[in-house]
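Asker: Fold the following, please.
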Amino acid sequence: MADRNEDSSRSPISSGSADPAHPDNKRDREYGMYPDRLFIHKYRPGIPQRFGRIVRGSYNAIFPLFFTDGTAAALRVALPGVNAFPDEKVRVEVATMRYIEKMTSIPVPHVYHWSTADENPLGLGAFIIMDYVHDERSLASVLKDPTAEEPEQYLDPNIPTDKLERMYRQLASSILELSKLEMPKIGSLHRPLTVDMNELVKSGGIPPSEWYEALADMHVAHLTFQRNSAVESADDGRDKFVARHLFRQAAAKGQQESQRAGQETFKLWVDDLRPQNVLVDAGLNIVAVIDWEWAYFAPAQFVYDPPYWLLLERPEFWYGTVLEWRDKFSRVLDVFCRALRSLEEEQKKGDGEEEEWSITEHILALSLDPETAAQTEETPVVPLSERMRESWKSGTFWEDYAARRCYGFDPIFWEFLDERFFGKNAEGGYEGRMNLLSDKVRRRMHLFVDRKMEESKEERIEEWDPEAARIYLGDILLDLS
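Answerer: So this is what the prediction gives:
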């Protein structure tokens with residue numbers, strides 16, 4: 001049997017025969033045509049057997065290599081053009097995967113090697129060489145409505161409740177583990193690169209209130225620089241402008257902080273943790289959780305909100321209205337929270353309540369300040385399932401979801417947040433909120449909408465000079481202050 005740690009500079013399979021028709025020599029020539037597969041073998045020892053089909057995802061391309069022992073590895077390359085910061089995306093994901101592998105029991109692909117684009121000898125861009133889970137299906141494929149046309153994925157309305165609870169329970173177990181991971185500052189293990197912040201990245205070290213302000217600014221920036229299909233009409237432009245201004249105003253005044261008082265720790269939040277990225281075996285057991293590039297330590301409330309993916313599809317992409325999504329979500333949330341609560345009860349019985357304290361809580365409990373120590377001892381640990389129910393009941397879920405979602409922001413703001421922050425809006429939309437706008441903001445709104453309508457006459461990619469973009473956005477944000 002060949003040594004798994006054989007010299008990787010040689011062809012992986014070679015007989016030494018001079019016959020060009022010999023099967024081993026044919027394989028050698030085939031490997032020579034696929035240098036990316038040889039590159040995998042350089043860092044992942046074993047006896048290669050065959051190549052897998054190249055898989056192209058939303059953000060990455062995957063080049064699989066299968067081994068004789070039934071395992072597989074892959075070279076995963078960040079796709080050019082869709083990743084604004086491919087090197088950083090790879091750094092974040094590798095750091096997160098290794099951290100998760102070390103700190104939890106969540107099954108994540110093992111990373112053998114990674115590098116930035118400049119260090120990739122194949123010239124393919126930033127990459128990761130990692131375990132490749134194959135012949136498995138996503139949890140979403142188990143939960144989805146079989147009558148829905150691809151690529152649409154909605155929760156099967158006829159799925160048995162016991163099956164749904166079992167599937168939810170498995171993911172709830174991972175979420176419960178992740179909820180224990182904390183840091184004293186906002187940010188990823190490198191920087192906070194999120195799904196919506198692929199274009200707007202900010203470093204850590206800021207309190208939750210300022211983070212919400214930064215997200216509000218991101219919504220303004222997104223609308224400002226999206227030239228094509230940004231607004232459907234002048235009124236649509238006014239709705240979008242006013243919604244972002246009011247949301248930013250609410251964040252600046254701390255109107256979103258009522259549910260977050262005293263939350264100064266930050267928990268690991270994974271923007272893309274959803275059934276589509278969870279792989280299960282034939283017995284419907286989770287065997288891998290993939291795609292960790294959008295992970296960062298965020299305000300704890302993000303983790304305390306119920307998962308948006310319980311219906312598989314986001315509210316802004318639902319086939320009905322966001323109100324219909326809300327009603328259906330309420331029903332499945334009960335199932336999820338029941339599954340999560342059962343896990344919490346089992347954990348409490350197995351470990352004891354003392355073990356449920358986080359590292360931060362233990363440190364606070366050891367404070368030399370008797371008053372602080374007494375307050376800490378008296379503060380009960382609120383189960384995650386209860387926090388999620390309260391987030392949904394209070395509407396905090398919608399605040400946080402809108403803060404994170406540029407494309408889903410508008411229907412959610414006007415349906416769930418406008419009157420929550422600013423009281424009754426009899427007219428609905430921007431018309432009922434003009435009294436909240438200063439003369440300066442009104443002038444900026446008219447200029448902004450005029451520009452958007454002019455841009456809509458010609459769809460094209462506009463290249464902004466970085467300094468000009470900074471000044472233009474700065475002027476808008478200043479007017480909105």
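
Asker: residue ranges of the helices in the stretch 1-150 of the chain, please?
Answerer: 23-33, 35-43, 86-103, 139-143 (DSSP state H, counting those that start in this stretch).

Asker: For residue 472, which non-adjacent residue is spatially closest?
Answerer: Setting aside the residues directly before and after it, residue 472 is nearest to residue 224 in space (CB to CB, 6 or more residues apart in numbering), at 7.3 Å. Bear in mind the C-beta positions are built from the backbone N, C-alpha and C, glycine included.

Asker: Specify the beta-bridge partners of residue 62.
Answerer: Residue 62 forms beta bridges with residue 55, residue 76, as assigned by DSSP bridges.

Asker: again with the one 5 residues further on
Answerer: For residue 67, the beta-bridge partners are residue 48 (DSSP bridges).

Asker: Just the pLDDT at it, thanks.
Answerer: The model reports residue 67 with a pLDDT of 95.

Asker: so what's it up against?
Answerer: For residue 67, the contacting residues are 46, 47, 48, 49, 73, by CB atoms under 8 Å, 6 or more residues apart in numbering.

Asker: Distance check, the nearest residue to residue 121 once chain neighbours are set aside against residue 179.
Answerer: Among residues not flanking residue 121 along the chain, residue 39 sits closest, at 7.3 Å (CB to CB, 6+ apart). Distance, residue 39 to residue 179, using CB to CB, to the nearest Å: 37 Å.

Asker: Between these two, tell me which one has more neighbours.
Answerer: Counted by other CB atoms under 10 Å, residue 39 and residue 179 do not tie: residue 39 has more neighbours, with 21 against 18.

Asker: one step back: look up how far residue 228 lies from the residue nearest to residue 121.
Answerer: 38 Å.

Asker: Helix, strand, or coil at the residue nearest to residue 472?
Answerer: helix (DSSP: H, G, I helix; E, B strand; the rest coil).

Asker: hang on, isn't residue 66 packed against residue 51?
Answerer: Yes: in terms of CB atoms under 8 Å, residue 66 counts as a neighbour of residue 51; the distance is 7.4 Å.

Asker: When those two are compared, which one has more neighbours?
Answerer: Under the criterion of other CB under 10 Å, the comparison of residue 66 against residue 51 puts residue 66 first, with 19 against 16.

Asker: burial count for residue 216?
Answerer: Neighbours of residue 216 (other CB under 10 Å): 25.

Asker: Endpoints of stretch 133-144, how far apart?
Answerer: Separation of the first and last residues of stretch 133-144 by CA to CA, to the nearest Å is 21 Å.

Asker: outside of it, which residues touch it?
Answerer: Here stretch 133-144 has contacts from 52, 64, 66, 72, 109, 153-156, 159, 164, 167, 170-171, 274-281, 284, 286-288, 290, 312, using CB under 8 Å, 6+ apart.

Asker: what's the pLDDT at the residue most central in space within the chain?
Answerer: For the chain, the residue nearest the mean C-alpha position is residue 271 (1.5 Å; CA atoms, centre = their mean). Looking at residue 271, its pLDDT is 86.

Asker: for residue 278, same thing?
Answerer: At residue 278, the model reports a pLDDT of 96.

Asker: do you know how far it is from residue 141?
Answerer: For residue 278, the distance to residue 141 - CB to CB - is 10 Å.

Asker: which one of the two has more residues nearby?
Answerer: Legend: neighbour count by other CB under 10 Å for residue 278 and residue 141, higher for residue 278 (26 against 14).

Asker: how near is that one to residue 254?
Answerer: Remark: distance between residue 278 and residue 254 (CB to CB) = 36 Å.

Asker: Residue 131 too?
Answerer: 45 Å.

Asker: The two: which is more packed in?
Answerer: Higher neighbour count among residue 131 and residue 254: residue 131, with 18 against 14, using other CB under 10 Å.

Asker: Name the nearest residue to that one, sequence neighbours excluded.
Answerer: Distances taken as CB to CB, 6+ apart place residue 109 nearest to residue 131, at 4.1 Å, with adjacent residues excluded.

Asker: Residue 271 reaches residue 291, doesn't it?
Answerer: No: the criterion here is CB under 8 Å, and residue 271 misses it with residue 291 at 9.6 Å.

Asker: how many neighbours does residue 321 have?
Answerer: 12.

Asker: Pull the number of nearby residues for residue 87.
Answerer: Using other CB under 10 Å, residue 87 has 17 neighbouring residues.

Asker: Wait, it touches residue 117, no?
Answerer: Yes: here residue 87 reaches residue 117: they are 5.9 Å apart, a contact under CB under 8 Å.

Asker: quick one: common contacting residues for the two?
Answerer: The overlap between the contact sets of residue 87 and residue 117 (CB under 8 Å, 6+ apart) consists of residue 126.

Asker: Mind telling me what element the closest residue to residue 480 other than its chain neighbours is part of?
Answerer: Leaving out its chain neighbours, the residue that sits closest to residue 480 by CB to CB, 6+ apart is residue 245, at 5.2 Å. Here residue 245, judged by DSSP states H and E, is contained in helix 234-252.

Asker: Pull the residues that contact the helix or strand following that helix.
Answerer: Next along the chain after helix 234-252, taking DSSP H and E as the criterion, comes strand 266-270. Under the criterion CB under 8 Å, 6+ apart, residues 96, 178-179, 181-186, 208, 292, 294-300, 302-303 lie in contact with strand 266-270.

Asker: what about residue 146, neighbour count?
Answerer: Residue 146: 8 surrounding residues under other CB under 10 Å.

Asker: Could I get the contacting residues of it?
Answerer: residue 156.

Asker: if I look at it, how far off is residue 159?
Answerer: Residue 146 is 10 Å from residue 159, by CB to CB.

Asker: Touching, the residue nearest to residue 480 and residue 481? I think so.
Answerer: No: counting by CB under 8 Å, residue 245 stays clear of residue 481, with 10.1 Å between them.

Asker: so what does the longest helix along the chain touch, helix or strand wise?
Answerer: The longest helix of the chain (DSSP state H) is helix 322-351. Taking 3 or more CB pairs under 8 Å, 6 or more residues apart in numbering; DSSP states H and E as contact, the helices and strands that helix 322-351 lies on are helix 161-178, helix 384-394.

Asker: buried residues in that helix?
Answerer: Buried positions in helix 322-351, judged by neighbour count with 16 or more other CB atoms under 10 Å: 322, 325-326, 328-329, 332-333, 335-337, 339-341, 343-344, 347.

Asker: buried residues in stretch 413-431?
Answerer: Buried residues in stretch 413-431, counted by 16+ other CB under 10 Å: 413, 414, 415, 416, 417, 418, 420, 421, 422, 430.

Asker: How many residues are close by residue 294?
Answerer: With neighbours defined by other CB under 10 Å, the count for residue 294 comes to 23.

Asker: Report the separation between it and residue 270.
Answerer: Going from residue 294 to residue 270 by CB to CB gives 7 Å.

Asker: Same check on residue 340?
Answerer: With distances taken as CB to CB, residue 340 is found 16 Å from residue 270.

Asker: All set now, cheers.
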